[in-house]
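[1] model this:
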Amino acid sequence: MTPPLINEEIDFLQSLVDLAQQRDVIELGCGAAELSRQLLARWPQCSVTALEVDQLQHAKNLLKPMARLQFLQAGAQAVPCAAATFDLALMLKSLHHVPMEQMAQALAEVQRVLRPQGLLYVSEPVFAGALNDVMRLFHDEEQVRAAALQAVRGAADSFAWEPLGEQFFDLPVHFRDFADFERRLVAVTYANHRLDAATLQAVRERFEPHMSADGAHFQRPMRVNLLRKR
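    Numbering: from 1, shown residues only. Down below sits the predicted model:
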């Protein structure tokens, strides 16, 4: 069965979780917190605590405050929040950025700060697809993504969590041109991608065949695991 094409991940999240029933939400590894901002705009009963470990991105987040949105600089493996504080935890393309030896600890921390019956939504890119073939030339995440999946499935097999299912969808990704790709995926603050001229040229040569009159279009395959705290 072909996974659905989802333009906004918040729509897929809502299909699995009744967001109108969630009051206190934590996002771990929030990046620019785009989904959290969307959530707060649609569901005014929610409040979000958004954690970001990258100092530069955290500073940018603080420059764009929003009601009911609190930013903290911290990693998922050491959440600076009290136990049983949240109804829903979100990890959007962030678990594989946690050091592999601390992924299990990160999931244990999420379990700690969730209330009984609280939900954990983990969204991770699948190591496949045309965009992945471009990215892996300078940022091969095969090992860390496999470790993230192993950590989630290990948690689902434990007594601490009740697994509620594993789902897949495709997320469209568009770049105006190679410069846009380079700005968004090479010159990121959370990684030190210093590409030499030969590597950059190889990346460009793999990217350019995907260009059309309105830019380059990709579909990123995504895996979602939903778990409930026992």
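
[2] Looking at the protein, which helix is longest?
    Ranked by residue count, the top helix of the chain under DSSP state H comes out as helix 142-156.

[3] pLDDT averaged over that one, what's the number?
    Mean per-residue pLDDT for helix 142-156: 97.

[4] can you list contacts of it?
    Contact with helix 142-156 is made by 95-98, 100, 103-104, 106-107, 111, 122, 124-127, 136, 161, 163, 223, 225, 227, as judged by C-beta atoms under 8 Å, 6 or more residues apart in numbering. Just so you know, the C-beta spots here come from the backbone N, C-alpha and C atoms, and that holds for glycine as well.

[5] Out of those residues, list just those in strands.
    Taking DSSP state E, the ones among the contacts of helix 142-156 that sit in strands are 122, 124-125, 161, 163, 223, 225, 227.

[6] Quickly check those residues for the two that are furthest apart.
    125 and 161 (21.7 Å; C-beta to C-beta).

[7] Please pick the buried ones from the contacts of helix 142-156.
    Taking 16 or more other C-beta atoms under 10 Å as the criterion, what is buried in those is 95-98, 103-104, 106-107, 111, 122, 124-125, 127, 161, 223, 225, 227.

[8] Identify each buried residue in stretch 60-78, please.
    Under 16+ other C-beta under 10 Å, the buried positions of stretch 60-78 are 60-61, 69, 71-72, 74-77.

[9] From the residues you listed, pick the one nearest residue 181.
    residue 60 (20.2 Å).

[10] need the contact list for the closest one.
    residue 32.

[11] Whichever helix or strand it is part of: how far from the chain's middle?
    Element membership for residue 60, per DSSP states H and E: helix 55-62. From the chain centre to the centre of helix 55-62 is a distance of 17 Å (C-alpha atoms, centre = their mean, to the nearest Å).

[12] Report the rounded mean pLDDT for that helix.
    Mean predicted lDDT for helix 55-62 stands at 96.

[13] Kindly report the same for stretch 16-28.
    97.

[14] measure that stretch end to end?
    Length of stretch 16-28, first residue to last, C-alpha to C-alpha, to the nearest Å: 19 Å.

[15] just to revisit the earlier point, just the closest of the buried residues of stretch 60-78 to residue 194, please.
    Proximity of the buried residues of stretch 60-78 to residue 194 (C-beta to C-beta) peaks at residue 60, which lies at 21.1 Å.

[16] any idea how far residue 53 is from the residue lying closest to residue 29 once chain neighbours are set aside?
    Once flanking residues are discounted, residue 29 sits nearest to residue 94: 2.6 Å by C-beta to C-beta, 6 or more residues apart in numbering. For residue 94, the distance to residue 53 (C-beta to C-beta, to the nearest Å) stands at 9 Å.
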